[in-house]
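**Student:** Structure of the sequence below:
(4 chains)
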Protein chains: 2
Amino acid sequence: MLTDRQLLILRAIVDDYIKTAQPVGSRTLSKRDDVTFSSATIRNEMADLEEMGLIEKPHTSAGRIPSELGYRFYVDHLIRPESITPKEAQALKSLFAHSVNENDRLIRHTADLLSDLTHYTTLVLGPKEEGQRLHHLELIPLAEGRVVIVLVTETGHVEHKTLQLNQALSQEAASRLMERLNQTLRGTPLSALRSRLLEEIRRFRSEHSEQTVLLSKALDLVLTDQEERPFIYLGGKANMFDQPEFQDVAKLRPVLELIEQQEAVLDFLRPNLDNQILITIGSENNVDALKDCSVIRAHYSVDGVSIGTLALIGPKRMDYNRGINSIIHLLQAFQTELHKNNLD
Amino acid sequence: MLTDRQLLILRAIVDDYIKTAQPVGSRTLSKRDDVTFSSATIRNEMADLEEMGLIEKPHTSAGRIPSELGYRFYVDHLIRPESITPKEAQALKSLFAHSVNENDRLIRHTADLLSDLTHYTTLVLGPKEEGQRLHHLELIPLAEGRVVIVLVTETGHVEHKTLQLNQALSQEAASRLMERLNQTLRGTPLSALRSRLLEEIRRFRSEHSEQTVLLSKALDLVLTDQEERPFIYLGGKANMFDQPEFQDVAKLRPVLELIEQQEAVLDFLRPNLDNQILITIGSENNVDALKDCSVIRAHYSVDGVSIGTLALIGPKRMDYNRGINSIIHLLQAFQTELHKNNLD
DNA sequence: GTTAGCACTCACTTTTAACGAGTGCTAATT
DNA sequence: AATTAGCACTCGTTAAAAGTGAGTGCTAAC
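**Tutor:** Now for the predicted structure:
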């Protein structure tokens, strides 16, 4: 177990390094107001901390920097929850002053706010649509057998897709089909939509089998599409450029390349279990491209249904305090807005 | 006027520099097969070319590199149109093997192809929707006075927006309204849609003034939105990382930042007049962030109308030959596909 | 008009030296 | 027994010096 003094020193090292990006030496620390003991004492303590694997030195004659374990300890034990000031809270509220009707826009807005707040890159995963329910289907025939299918969920989310039938669909046939399907299927969770639709098809096969089969394919496509490429938004990509650790293109490149890849982002963000804030540091990300990054992520949910992820990505030396607090408070405001939009 | 030998040397310098990114010296040139004269002669000619402002030296004891004027001359006079080989043409065709129904996807696909082909970054501006005509409007009431409005053009392009009415709109009212408006407005060019809608509103004011006014606002929003943020797609951003001139973050940053900004891209790409391929080199871009870049851009059009832009962005030292040829041929295939989708 | 020859330039690399922030250890101090 | 002052040592960083070589411009010869 660490002594109080060791805790103080460790915290000071991490805080300092987060601020300056420079290895922290014993002399620097000894000058702090909250440090009453000498640099030699600090050196002794540092040696112990290093032995425990909490800090390390880039080279013999440099100061110390936190190791991944050190950051981990800092995050787990040393962060002061530093509640947001009422003034800031007020400011945060006012950021959502005029509410945003569409969830997509709301998400974008939120991501941008978060990256402005923290100066890190924000990554938001849109709501899983599975949990949502169908509100309306619309089939709009174009010329030459091309058809636009539009799907609206109860939260007002819209998906659409154009597809090519091998025979033209008349306006009348389309609306008859839609009317029936809307009657039957409204309120169906998207996750169950496919199988329900199949049921419907079987039931009405005789009447308009051809179109219905095609339609089912179309819907399949819409649903698959949206499942495979859920809404991802990146905010504050440019903030990466400001981090001293990413001044080297070789360091910067893999990170930017990774977050531009939708699939990679999904793979990376999906396995997020509980509702809490989750912090992964460096190699904990299990992604080589992010070995020098830390990620703070939080699930958001509406009415208990957990639906998407809000993530903050920065260097390992990121300001965890600020990051966590920003994400917590923004998440709250965000969920409130989302809730408004989801009232049905 | 330049002599044949000077042309040969200039071309050799540009070609070489494009390939190696290293200043080209007289000795190097004298070793080429197509050069029969000595390095001293080359030095003399180089001095003349430099006097004319076509080449320059980074410093006294380096070889020569093309000046912007030199690139300009090269592009205007020295490029061999180097027709694509039948094999490549075939390959290009097959890239569009299975046609893509939606223009948006087609554009994305094309951009990715182009950047794969050239190893530069591609920037595609979607078609201006103004020229397109309304095919269908759909108004879908959600709970609590929220309404989704969906607009479909004759080419199958879909725009949608959610808005908040101050009183709920019934399903029936919505469909009555829509039926009438669709009858009247189908085929209206989007550019004329707003004023036409106003007309309609005036005519039917007595019947359902409240909703119609709101609807007009909604449509306004949809149209404005789509005008302000037309479809932009970027392909091959990562290719920038490979260019030796952008290994320095300070050089790379402004370029990446610029192309991420939709408005900036628009400002930059919009004033594109004719149908030809337009090449701007370095400062010709009139954008500070692109002072070290060249841009090859081409308009695309279908049946003479509906115009967007396909652009290739790379270092000044880009392979103009390959770029131009790739864009020309891809443009052709692209337009053919687009044409198929636009048959109405 | 062309070319060989040569002195000169200058970025780049390597070497050397000086610097200084920081360390670890030891002995003195509290 | 814990703390601290003192000091030799390490090592990255910076600056200056020296050497290297690709390339140039000029001149004189062909």
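
**Student:** Spatially nearest residue to A:Thr110 (excluding sequence neighbours)?
**Tutor:** A:Phe334 (4.8 Å; Cβ to Cβ, 6 or more residues apart in numbering or on different chains). For glycine as for every other residue, the C-beta is placed from the backbone atoms N, C-alpha and C.

**Student:** residue boundaries of the helices in the stretch 151-300 of chain A?
**Tutor:** Taking DSSP state H, counting those that start in this stretch, the helices of the stretch 151-300 of chain A run over residues A:171-185, A:190-203, A:205-228, A:239-242, A:249-260, A:262-269.

**Student:** same check, this time on the stretch 1-150 of chain A
**Tutor:** A:4-20, A:26-30, A:39-51, A:68-73, A:86-95, A:103-118.

**Student:** since we're on whichever residue of the stretch 201-344 of chain A sits closest to DNA strand D, how many residues are nearby?
**Tutor:** Nearest residue of the stretch 201-344 of chain A to DNA strand D: A:Pro244, at 12.1 Å (Cβ to the nearest atom of the strand). The tally of other residues near A:Pro244 (other Cβ atoms under 10 Å in any protein chain shown) stands at 11.

**Student:** surely it meets A:Lys19?
**Tutor:** No - A:Pro244 lies out of contact with A:Lys19 (Cβ atoms under 8 Å); the separation is 11.6 Å.

**Student:** Tell me how many other residues crowd A:Ala62.
**Tutor:** By other Cβ under 10 Å, 13 other residues sit near A:Ala62.

**Student:** mind listing what the residue nearest the centre of chain A touches?
**Tutor:** The residue lying closest to the centre of chain A (Cα atoms, centre = their mean) is A:Leu310, at 2.9 Å. The contact partners of A:Leu310, by Cβ atoms under 8 Å, 6 or more residues apart in numbering or on different chains, come to A:110-111, A:114, A:122-125, A:297-300, A:327, A:330-331, A:334.

**Student:** rerun that using 10 Å as the cut-off
**Tutor:** The neighbours of A:Leu310, taking Cβ atoms under 10 Å, 6 or more residues apart in numbering or on different chains as the test, are A:107, A:110-111, A:114, A:122-125, A:269, A:277, A:296-300, A:327, A:330-331, A:334-335.

**Student:** Export the helices of the stretch 1-150 of chain A as CSV, with columns for mean pLDDT, distance to B:Val158 and mean neighbour count.
**Tutor:** Converted to CSV, the helices of the stretch 1-150 of chain A look like this (pLDDT from 0 to 100; distance: least, Cβ to Cβ, whole Å; neighbours: other Cβ atoms under 10 Å in any protein chain shown):
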stretch, mean pLDDT, distance to B:Val158, mean neighbour count
helix A:4-20, 94, 46, 18
helix A:26-30, 91, 60, 18
helix A:39-51, 93, 59, 16
helix A:68-73, 97, 46, 20
helix A:86-95, 73, 30, 12
helix A:103-118, 89, 14, 21
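
**Student:** which stretch among these comes nearest DNA strand C?
**Tutor:** Here helix A:26-30 is closest among the helices of the stretch 1-150 of chain A (Cβ to the nearest atom of the strand), at 3.4 Å.

**Student:** and that closest one, anywhere near DNA strand C?
**Tutor:** Yes - applying Cβ under 7 Å from any atom of the strand, one finds helix A:26-30 touching DNA strand C at A:26-28.

**Student:** filter these down to the ones close to chain B.
**Tutor:** Among those, not one lies near chain B by Cβ under 10 Å from any Cβ of the partner chain.

**Student:** so what's A:Gln226 scoring on pLDDT?
**Tutor:** pLDDT for A:Gln226: 63.

**Student:** ok, back up a step: as TSV, the helices of the stretch 151-300 of chain A with mean neighbour count would be great.
**Tutor:** Listed next are those as TSV, based on neighbours: other Cβ atoms under 10 Å in any protein chain shown:
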stretch	mean neighbour count
helix A:171-185	15
helix A:190-203	16
helix A:205-228	16
helix A:239-242	18
helix A:249-260	18
helix A:262-269	16
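
**Student:** Among those, which comes closest to B:Pro66?
**Tutor:** Taking Cβ to Cβ, helix A:249-260 is the member of these nearest to B:Pro66, at 24.6 Å.

**Student:** Which residues does the closest one contact?
**Tutor:** Among residues not part of helix A:249-260, those counted as contacts by Cβ under 10 Å, 6+ apart are A:121, A:123, A:232, A:234, A:237, A:240-241, A:243, A:245-246, A:264-265, A:267-268, A:285, A:287-293, A:311, A:313-315, B:234, B:237-238, B:240-242, B:246-249, B:251-253, B:256.

**Student:** at 6 Å what do you get?
**Tutor:** A:246, A:264, A:289, B:238, B:241, B:247, B:249 (Cβ atoms under 6 Å, 6 or more residues apart in numbering or on different chains).

**Student:** Among the residues you listed, which pair sits farthest apart?
**Tutor:** A:Ala264 and B:Gln247 (23.6 Å).

**Student:** A:Pro230 and DNA strand C, how far apart?
**Tutor:** Distance from A:Pro230 to DNA strand C, counting by Cβ to the nearest atom of the strand, to the nearest Å: 47 Å.

**Student:** ok so, going back, which residue in the contacts of helix A:249-260 has the weakest pLDDT?
**Tutor:** A:Ala264 (87).

**Student:** Which pLDDT does the model give the closest residue to that one other than its chain neighbours?
**Tutor:** Excluding the flanking residues, the one nearest A:Ala264 by Cβ to Cβ, 6+ apart is A:Leu258, at 5.2 Å. Note on A:Leu258: pLDDT of 95.
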